[in-house]
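Student: With the sequence up front, the predicted model follows.
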Amino acid sequence: MFNFPIPSIESYFRTLNIMDFDVKPDEEEIVYSTNLNGYYNLWAINPDKPYPYQLTTANQMNSFVKYDPKSRHLLTGYDHDGDEDYHIYAVPPAGGETAPLLQAKGEKFYYGDLSKDGRTLYYITSVDNPNFLNICRLNLETGEKEVLLRGEEGPSYLFSVSPDETSFTYSKQLGNTSSFGYILKNGEPILLTPSNEEAHRVNQVEYLDNDTVLMVTNYQNEFSYLASFSLNTRSFEKVVVIEGYELTNLTLDQAGNKVYFVAQRGVEDLLYSFDLETKQLQQIEKPFDMVDKLVVGKKGTIFASGRSATQPANLFRTSDLNAWEQLTKHQIIGVSQSELTEPEVGTYESFDGLEMEALFYPANPETSNGHTVLWPHGGPQHAVRKNFTPLFQYLCAQGFNVFAPNFRGSTGYGETFMKLVNKDWGGGPRLDIVAGMDWLDQQGKSSSDKWFCIGGSYGGYMTLLLHGRHADKFKAFVDIFGPSNLFTTIETAPEHWKAADRELIGDPVEDREKLIEDSPMTYIEQMTKPMLVIQGKNDPRVVKVESDVIVEAMEQRGQDVEYLVLEDEGHGFSKTENAIKVYKTMVEFLGKYI
């Protein structure tokens, strides 16, 4: 009877997301950070009557959300328009205007932990120590602040505080693959692992009681595992190892004497529970691929935020670990889940014989234009996984294939694989990508003369580098806040990143020649194809000048270059209208060169 128009780009990019959530102690309310009104704010639902109601109007992306144990208020944090100077606020139980708790111009305040009685907030801050950070506490009743640990040698981050508040656990990050775990007790820093003589990481620590902690670490192992440490005996013990999988998202169920965690390998997550008394390990089936967060309610209910390649972030709960109830229904407007593209998982051999894993999203056969978009992911020590990505789904609906390889340096494939990108940003990873393109062409899933490249952050860097070194393989490029000069990237990085950047990117003096070789600006004269450059004005990670110099150089040569600067964004798109503007511009740009 009716011939309805196909869903527009706005349908895809108005899809709701969830940044964080927490559960009220009585389990009668869930608060979560979502972009329901086009901006990130705190919203809440009653799990038994899940209709959302708004709690805040700050219109800024929340860095965390936490209920007071006695439900007297909520705690949250946010920056200003992407500047990443996060401050911490209290929110009334029913919502409304926030009260600033930790706020100072140009400074950063990160949530650490909250005491069991809710009186003391533990936090990390750049105040008086921008390079290495300090761990502090704030008495929420008196307003008194106290520095508990001054970071030295590398940034220090608080993990957790003991139930009786006589000790706390923290990390000292000496490099991007050296992050050691400690307990501070009576002024004494006690190492959680047997030695810090060799590089390893402690990623998360939780207290079982005042004297025992559980942690996720890769100490003397290729993949992270679950371990314990006894403060009384100073003993370290492996608890759960799942060969070939990285363990993450450690969540304790104190009442049930269980621990939950995610086992990550490549593009998917597995969810497990481990009974601390019986030592029984159980894999839990779930209706979502990716586990963003778990919360165990006081009544033992498990709440989760999860997503899949064809399902946006939603909230779920289960009381028996078998039947899951979906509490929110976030979806693309006018598009059913069955109409979305499920990615194919493939592996290929790179230039040196190393195996790579990749996701391939085939175009909608009815609209296919024969072109493929390469997506080099950000990080670089990150990975493309079965997350919901509106851009991928919209590109497929518009007739594009999408190819997203997990090149060397990607996470989820072991420590050795991840370290291969250290001080080699533009070598091995670039050749892995080119090998993947050739492999896909040979499979008949792409055509060598019909490639585009889109990337953000490190992916934007790789987009620029591929343009400079392999322009002949592509028709056009889209760079989203990509570093163009690695010397500038190192110099302008946030102060507490610089120690890790020396290991990850390189030293400006010792590694000068390699940094020149791997900087896209070195090849600016070879960037001959059309390019769209997108930049957030407030980006503290990749400053605007990195995009300015690329655009100016191309403009001086009279090349086809477009430049979109977002005045109220940083390293990402936190506002729905900005995301729609960016991706509409991007798709229109690609359409010129089909």
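Tutor: Yes, it's here. None of the values given here were measured: they were computed from a predicted structure.
Student: thought residue 518 was touching residue 486?
Tutor: Yes. Between residue 518 and residue 486 there is a contact under CB atoms under 8 Å: 6.1 Å. (Glycine included, C-beta is placed from N, CA and C.)
Student: And the helices in the stretch 451-594 of the chain?
Tutor: Using DSSP state H, counting those that start in this stretch, the helices of the stretch 451-594 of the chain run over 458-469, 486-492, 498-504, 512-518, 545-556, 576-591.
Student: Kindly reformat these as a markdown table containing mean pLDDT, distance to residue 365 and mean neighbour count.
Tutor: Shown next, in a markdown table, are the helices of the stretch 451-594 of the chain (pLDDT from 0 to 100; distance: least, CB to CB, whole Å; neighbours: other CB atoms under 10 Å):
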| stretch | mean pLDDT | distance to residue 365 | mean neighbour count |
| --- | --- | --- | --- |
| helix 458-469 | 98 | 27 | 26 |
| helix 486-492 | 92 | 41 | 19 |
| helix 498-504 | 86 | 41 | 18 |
| helix 512-518 | 96 | 39 | 16 |
| helix 545-556 | 93 | 36 | 18 |
| helix 576-591 | 94 | 19 | 18 |
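Student: before we move on, the earlier item: any common contacting residues for residue 518 and residue 486?
Tutor: Common contacts of residue 518 and residue 486 (CB atoms under 8 Å, 6 or more residues apart in numbering): residue 425.
Student: any weak-confidence spans in the stretch 301-450 of the chain?
Tutor: Across the stretch 301-450 of the chain, not a single residue meets the criterion (pLDDT under 70).
Student: SS state for residue 113?
Tutor: Taking DSSP: H, G, I helix; E, B strand; the rest coil as the rule, one finds residue 113 in the strand state.
Student: beta partners for it?
Tutor: residue 122 (DSSP bridges).
Student: Between the helices of the stretch 451-594 of the chain, which one is closest to residue 72.
Tutor: helix 576-591 (32.2 Å; CB to CB).
Student: Show me how far that closest one is from its chain's centre.
Tutor: Relative to its parent chain, helix 576-591 has a centroid offset of 22 Å by CA atoms, centre = their mean, to the nearest Å.
Student: Packing partners of it?
Tutor: helix 9-13, helix 390-397, strand 476-480, strand 531-536, strand 561-566 (3 or more CB pairs under 8 Å, 6 or more residues apart in numbering; DSSP states H and E).
Student: Give me the distance between the residue positioned nearest the centre of the chain and residue 177.
Tutor: In the chain, the residue lying closest to the centroid (CA atoms, centre = their mean) is residue 382, at 7.8 Å. Distance, residue 382 to residue 177, by CB to CB, to the nearest Å: 14 Å.
Student: Can I get the helices and strands packed on helix 576-591 in JSON lines including mean neighbour count and distance to residue 323?
Tutor: Listed next are the helices and strands packed on helix 576-591 as JSON lines, based on neighbours: other CB atoms under 10 Å; distance: least, CB to CB, whole Å:
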{"stretch": "helix 9-13", "mean neighbour count": "19", "distance to residue 323": "31"}
{"stretch": "helix 390-397", "mean neighbour count": "22", "distance to residue 323": "28"}
{"stretch": "strand 476-480", "mean neighbour count": "26", "distance to residue 323": "41"}
{"stretch": "strand 531-536", "mean neighbour count": "25", "distance to residue 323": "42"}
{"stretch": "strand 561-566", "mean neighbour count": "18", "distance to residue 323": "43"}
